[in-house]
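Colleague: Build me a model:
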Amino acid sequence: MKKGFSLIEILLAVALFVLVAGAFIFLIIESYKINEKAQEVTLATGLAEEGMEAVRSIRDFKFTDLKDGTYGLAIEENRWVLKGRSEIIGKFTREIIISPAGRGRKKIVVLVSWQPRVGSRREVRLFSRITNWIR
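Modeller: This is a model prediction of the structure:
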């Protein structure tokens, strides 16, 4: 009778260990996924902020260079310029969308999008209105 009772105790202990170990493994995997998502959003936000600052730099140099449309960014002759329709930075795509917002003003949208390893396409958008303040 004692041998059977010991076998049940061992089976219960193993089952409890497997349950606890499985929960810990699940938590570790989920925390890794959350950390990866947070890193992606942080990088995308940084790229969007850089894009907005680049547009302000272009405005300060020559407001008339901010023509309506969708662009990427490049550096030419040591300054930011609008070039192409978008730009690829690693797994991120950045677009600068410029539209009219009244006389001497532009509405700027910086869109950074990416495809995570798991899930649907994600994006970060920054909005601003800028003025030809030099005029």
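
Colleague: any chance you could map the strands in this structure?
Modeller: With strands called from DSSP state E, the chain shows them at 69-76, 79-83, 87-89, 92-100, 105-114, 122-131.

Colleague: what's the closest of the ones you listed to Ile25?
Modeller: Nearest of the strands of the chain to Ile25, taken as C-beta to C-beta: strand 122-131 at 26.0 Å. Quick note: C-beta positions are derived from backbone N, CA and C, even for glycine.

Colleague: sorry, back to before: just send the strands of the chain back as CSV, with mean neighbour count, mean pLDDT and distance to Lys37 too.
Modeller: Shown next, in CSV, are the strands of the chain (neighbours: other C-beta atoms under 10 Å; pLDDT from 0 to 100; distance: least, C-beta to C-beta, whole Å):
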stretch, mean neighbour count, mean pLDDT, distance to Lys37
strand 69-76, 15, 96, 25
strand 79-83, 16, 96, 29
strand 87-89, 15, 96, 18
strand 92-100, 18, 97, 14
strand 105-114, 19, 97, 11
strand 122-131, 15, 96, 8
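
Colleague: These into TSV, with extra columns for distance to Ile34?
Modeller: Shown next, in TSV, are the strands of the chain (distance: least, C-beta to C-beta, whole Å):
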stretch	distance to Ile34
strand 69-76	30
strand 79-83	34
strand 87-89	23
strand 92-100	19
strand 105-114	17
strand 122-131	14
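
Colleague: So which of those strands is nearest Ala54?
Modeller: strand 79-83 (4.0 Å).

Colleague: now the closest one, how far from the centre of its chain.
Modeller: Between the centre of strand 79-83 and the centre of its chain there are 22 Å (C-alpha atoms, centre = their mean, to the nearest Å).

Colleague: ok so, going back, out of the strands of the chain, which comes closest to Lys33?
Modeller: Nearest to Lys33, of those and by C-beta to C-beta, is strand 122-131 at 13.2 Å.

Colleague: What strands line up against the closest one, and which way round?
Modeller: strand 105-114 (antiparallel) (DSSP bridges).

Colleague: Name the residues linked to Trp80 by a beta bridge.
Modeller: With DSSP bridges as the rule, Trp80 is bridged to Ile75.
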